[in-house]
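Asks: please find the sequence and the predicted model below.
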Amino acid sequence: MTGLTLTFLGTGTSVGVPMVGCRCETCTSDDPRDQRLRCSVLVESEGGSSWLIDAGPDLRQQCLREGITALDAVLITHPHADHVVGFDDLRRFTVGADETLPVYARPSCLEVLGKMFFYIFNGENRYPGYFKPEPVAVDGEFQLGGFEVVPVPVEHGKVECVGYLFRRGGEPLLAYIPDCKRISPEGMEALAGVDCLVIDALRRKPHPTHLSIDEALAVAGELSPGQTWLTHIAHEVLHARDGAGLPEGVQIAYDGLKLQL
């Protein structure tokens, strides 16, 4: 028992599913698993800590749906819009004038966030009800609530991007890698044997900056996780159709799914 609960707040790609202006089979599906908000997860520990990974444009809706009323930290994988433009909605977690919320990200990501949300990061708006982040530069492993959190560098287009690995006592428990085309040998070594792997699997057809389903399955096959969940899913994927026939231990995640690890 690792004492972690993972909630998938969103499992969709950057445009979400249904996609605006599309009438394909997935975008018109009545299966709720085919309705995908932008990618984000909530990680909760048995000790009562709650950590958000990424803050996309659907954050407000996701928090209302899941009843999220408190956070202890936010972890950002990279500064693409679908992972950060809900940043201002984090104001509800620093209501008091002296309340702050740690935001963990790579230095390059914090620099971009400081430009995108200058009014949040310039320190001049420390009022009740405003978002008051406490930036924490991620340069290596750090601690959260008794867990070791390891940033795993991944290749994702031209932006610096990481996934996050949660360990306890050196044991790899949960890896969340939503945007990825390749993982370095060092990253693969850190991830080997992880209990639960959540990984980018955009669609069947190859993509220049994301893993395809087959590529994600190849990564999972090499790592041998206890369970694998595919995320960051595009509208080319129909849950019932494409989830059938996946290898044992591999499933397509969906919005609202909760895992007790």
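Replies: Structure's in. What do you need?
Asks: got the contact list for the most centrally placed residue in the chain?
Replies: Most central in the chain under CA atoms, centre = their mean is S40, positioned 4.0 Å from the mean C-alpha point. By CB atoms under 8 Å, 6 or more residues apart in numbering, the contact set of S40 is L9, G10, L52, I53, D54, A55, G56, D58, L59, Q62, H83. All C-beta spots, glycine's among them, are computed from the backbone N, C-alpha and C.
Asks: next, work out how far apart L165 and P102 are.
Replies: 18 Å (CB to CB, to the nearest Å).
Asks: which one's more surrounded, the two?
Replies: L165 (23 against 16; other CB atoms under 10 Å).
Asks: please give the element, helix or strand, for the residue lying closest to that one once chain neighbours are set aside.
Replies: Nearest non-adjacent residue to L165, counting by CB to CB, 6 or more residues apart in numbering: V150, 4.2 Å away. Assigned by DSSP states H and E, V150 belongs to strand 147-156.
Asks: so where's the chain shaky on pLDDT?
Replies: 1-2 (pLDDT under 70).
Asks: now do the phi/psi pair for the residue of the chain most remote from its centre.
Replies: Ranking residues of the chain by C-alpha distance from their mean position (CA atoms, centre = their mean) puts E124 at the top, at 29.5 Å. Main-chain torsions, E124, degrees, to the nearest 10: phi -90, psi -10.
Asks: change the start of the numbering to 123 and stick with it
Replies: Sounds good: first residue 123 from here, last item E246.
Asks: phi, psi of the spatially closest residue to A314 that is not a sequence neighbour?
Replies: Leaving aside its sequence neighbours, A314 sits nearest to L345 (CB to CB, 6+ apart; 5.6 Å). The phi/psi pair for L345 (degrees, to the nearest 10) reads phi -80, psi -30.
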